[in-house]
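Visitor: Sequence plus predicted model, see below.
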Amino acid sequence: MSKTALHLSWSKSFVIAILLGLLPLVSGGTLIATLTLVSHDAFAQNAKEKKAAAKKRKSYGIGTKVYDQLSKAQTVAENKQYAQAVAILDELRTGRRELNPYEKANIWNLYGYIYYSQEQFAKSIEAYRKVIAQKDNIPLQIELNATYTLAQLYFVTDNYKLAVSLLEKWLSISENPGANPYFLIAQGYYQLKDYDAALTSALRGMRVARERDLQPQENWYLLLRVLYYEKKNYPKVIETLRILVNIWPKKEYWVQLANFYAEVNKNKEQVSLMSSAHTLKMLTKENELINMASIFLNHDLPYYAARLLERGLSEKKITPSEKSMHLLATAWRVAHEPKKALVVMEQIAQKTDSSDIYHALAGLYLDTYKYSKALEATQKAFQQKNVRKETDLWMLQGIAEFNLKKFDAARKSFSQMLKAAQLQKKRRKKFTSVARNWLQYVQSEQKRHKELQNNLASLRGVNP
């Protein structure tokens, strides 16, 4: 759908936006290699058992020396001295003292944070997996944080299948989760092209947000918009875009909503919305103004189209190109202002030798009863390369010649029109009929004109 093409490059930025809102990364979870996609309901069946098992985990503390070294490494890392921080952790990890699972988890967690800060995502993922390996001997909250963080890292590295698996696991053992995880899962399913599952998760996130009276986020509606679009549910796309326009009135949402109104044949709504966007000075680029003028023209509002184009040209927001000027001339002509259209078209003809321009100019000269100039314009049109619509051109030339009382020339032009019409695949019957009617009319008028001249000559006593 060309005119409703949506910009879908937001997918990774959606994840990054959520990542930026988190506290420093922590991690946990189960061995990644054993995970497969499982539904949220399947995980939920064992949620109580898992939470109960978590309460029976062994408890460990952190030794004073380990704590001091971890604190030192963290401080150094926060000052972006990453190599020194890694060296401290390496020394701590390979020291003589055997580390307990809780200490190991904290060390690998800090490794993960350091590597993430340097965008070394593969190393960061490996570090967090090693945090996860301690899950039977660390507090449940550390496992939950680790699982969530690791899932986000898989998003950043485009491993959506594992990301969704981990988030589904996180939901199954997390108490009272918020809305964001559901939208992350929806994003993952979207990337996997499972639009039904994605929409289900996104709508579940919306319900959670409403239940908690949370402020909706723009990215949530952007995701819904894309999912409804993929499912070709255009009424829902429109509904979602209306929300975006009302809460976040950005130009792109106004334009997209207008395009979708056109897609479902709600032309009045399209024109009204785009007119409002123009009034609010949202349309500032040349292509936007020309598109707005085209919408006016297509919906029988040529006067508004012409005024918009004139204003854009005078304010130098629109370049006086052949395309824009031709559109302006067309708007004035359709608005029954042939003299204004003619002024514009003459300006174009001074800058370009185009058969189409001379063709249009000939029509305007006929509209303003300038038959000699109309004939001159058709002749120039035929002299150009790539002559199109020869049937129309011969007709215009014949009409100009007829009005100049050049009947023989007019008959030749309409005869050429008839030949050209017979070669056409489309509208052949129509143009053939028009050409024959003109030939008959010219012959009749030529005869009548000759008789009139004879009568006038007889009255004057002159031999014609």
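Guide: Right, received. Where do you want to start? Residues are numbered from 1 along each chain as shown.

Visitor: what's the distance between Arg388 and Asp213?
Guide: Separation of Arg388 from Asp213 (C-beta to C-beta, to the nearest Å): 63 Å. Bear in mind the C-beta positions are built from the backbone N, C-alpha and C, glycine included.

Visitor: When the two are compared, which one has more neighbours?
Guide: Using other C-beta atoms under 10 Å as the criterion, Arg388 and Asp213 rank with Arg388 on top: 12 against 6.

Visitor: doesn't Tyr358 make contact with the more buried one?
Guide: No. Arg388 is not in contact with Tyr358 according to C-beta atoms under 8 Å; the separation is 11.4 Å.

Visitor: Now the longest helix along the chain: buried residues?
Guide: Counting residues, the longest helix in the chain under DSSP state H turns out to be helix 428-460. For helix 428-460, a neighbour-count test (16 or more other C-beta atoms under 10 Å) marks 431-432, 434-435, 438-439, 442, 446 as buried.

Visitor: so how far is that helix off the chain centroid?
Guide: Centroid displacement of helix 428-460 relative to its chain, using C-alpha atoms, centre = their mean, to the nearest Å, is 57 Å.

Visitor: returning to that earlier point: now tell me which of the buried residues of helix 428-460 the prediction trusts least.
Guide: pLDDT across the buried residues of helix 428-460 is lowest for Phe431, at 88.

Visitor: Might you report the residue contacts of that residue?
Guide: Counting by C-beta atoms under 8 Å, 6 or more residues apart in numbering, Phe431 touches 391, 395, 417, 420-421, 424.

Visitor: If we use 10 Å, what do you get?
Guide: With contact taken as C-beta atoms under 10 Å, 6 or more residues apart in numbering, Phe431 is in contact with 391-392, 394-395, 417-418, 420-422, 424.

Visitor: likewise Ile114?
Guide: Taking C-beta under 10 Å, 6+ apart as the test, what Ile114 contacts is 25, 73-74, 76-77, 80-83, 85-86, 89, 120, 123-124, 127.

Visitor: Quick check: mean pLDDT of the helix or strand harbouring it?
Guide: Element membership of Ile114, judged by DSSP states H and E, is helix 101-117. In this model, helix 101-117 has a mean pLDDT of 92.

Visitor: and the following helix or strand past that helix, what does it pack onto?
Guide: Along the chain past helix 101-117, the next helix or strand (assigned with DSSP H and E) turns out to be helix 121-132. Helix 121-132 is packed against helix 101-117, helix 140-156, with contacts defined by 3 or more C-beta pairs under 10 Å, 6 or more residues apart in numbering; DSSP states H and E.

Visitor: Looking at those helices, which is nearest to Ile399?
Guide: helix 140-156 (67.9 Å; C-beta to C-beta).

Visitor: How about that closest one, which residues are buried there?
Guide: Along helix 140-156, these residues count as buried under the neighbour rule (16+ other C-beta under 10 Å): 140, 142-156.

Visitor: what about it, distance to the chain center?
Guide: Centre-to-centre, helix 140-156 and its host chain are 32 Å apart (C-alpha atoms, centre = their mean).

Visitor: low pLDDT regions in this structure?
Guide: 1-57, 461-464 (pLDDT under 70).

Visitor: All the strands of it, in order from the start?
Guide: Counting by DSSP state E, no segments of the chain form strands.

Visitor: can you list the domains in it?
Guide: Listed domain ranges for the chain are 12-160, 283-349 (source: automatic domain parsing).

Visitor: Include distance to Gln453 when you put the ones you listed into JSON lines, please.
Guide: JSON lines is the format used below for the domains of the chain (distance: least, C-beta to C-beta, whole Å):
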{"stretch": "domain 12-160", "distance to Gln453": "81"}
{"stretch": "domain 283-349", "distance to Gln453": "32"}
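
Visitor: which one of these has the most crowded surroundings?
Guide: Highest mean neighbour count among those (mean count of other C-beta atoms under 10 Å): domain 283-349, with a mean of 19.

Visitor: quick one: it to chain centroid distance?
Guide: Distance, stretch centre to chain centre, for domain 283-349: 25 Å (C-alpha atoms, centre = their mean).

Visitor: Endpoints of it, how far apart?
Guide: Terminal residues of domain 283-349 lie 29 Å apart, using C-alpha to C-alpha, to the nearest Å.

Visitor: Phi, psi for the nearest residue to Ser324 once chain neighbours are set aside please.
Guide: Nearest in space to Ser324, with sequence neighbours left out and distances taken as C-beta to C-beta, 6 or more residues apart in numbering, is Ile318 at 5.2 Å. Torsion angles at Ile318 (phi, psi; degrees, to the nearest 10) stand at phi -120, psi 130.

Visitor: Tell me the spacing between Ile318 and Lys251.
Guide: With distances taken as C-beta to C-beta, Ile318 is found 18 Å from Lys251.

Visitor: try His326
Guide: From His326 to Lys251 the distance is 26 Å (C-beta to C-beta).

Visitor: now swap in Arg427 and tell me
Guide: For Arg427, the distance to Lys251 equals 41 Å [C-beta to C-beta].

Visitor: same thing with Gln187?
Guide: Gln187 is 25 Å from Lys251, where distance means C-beta to C-beta.

Visitor: Looking at those two, which has the bigger crowd around it?
Guide: More neighbours surround Gln187 than the other of Gln187 and Lys251, with 28 against 15 (other C-beta under 10 Å).

Visitor: Now the buried residues of helix 428-460 in CSV, please, with extra columns for distance to Lys232.
Guide: Output for the buried residues of helix 428-460, formatted as CSV (distance: C-beta to C-beta, whole Å):
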residue, distance to Lys232
Phe431, 40
Thr432, 43
Val434, 43
Ala435, 46
Trp438, 49
Leu439, 52
Val442, 55
Gln446, 61
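
Visitor: Show me which of the residues you listed is closest to Asp353.
Guide: Minimum distance to Asp353 across these is 26.4 Å, recorded for Phe431 (C-beta to C-beta).

Visitor: Next one: that closest one relative to Thr378, how far apart?
Guide: Plainly put, Phe431 is 16 Å away from Thr378 if you go by C-beta to C-beta.

Visitor: Next: Gly112.
Guide: Gly112 sits 77 Å away from Thr378, going by C-beta to C-beta.

Visitor: so which of the domains of the chain comes closest to Gln217?
Guide: Using C-beta to C-beta, the domains of the chain put domain 12-160 closest to Gln217, at 8.7 Å.

Visitor: Which residues are in contact with the closest residue in space to Met282 that isn't next to it in sequence?
Guide: Of all residues beyond its chain neighbours, the one nearest Met282 is Lys251 (4.3 Å), with distances taken as C-beta to C-beta, 6+ apart. By C-beta under 10 Å, 6+ apart, the residues touching Lys251 are 277, 280-285, 288.

Visitor: Quick check: the farthest pair among those residues?
Guide: Leu280 and Lys285 (14.5 Å).

Visitor: correct me, but Gln397 touches Arg411?
Guide: No. With contacts counted by C-beta atoms under 10 Å, Gln397 stays clear of Arg411, the gap being 11.7 Å.

Visitor: Can you pick out the residue with more neighbours from these two?
Guide: Remark: of Gln397 and Arg411, Gln397 carries more neighbours, 25 against 18, as counted by other C-beta under 10 Å.

Visitor: Let me see the contact set for that one.
Guide: Gln397 is in contact with 362, 374-375, 377-379, 381-382, 409-410, 412-414, 416-417, counting by C-beta under 10 Å, 6+ apart.
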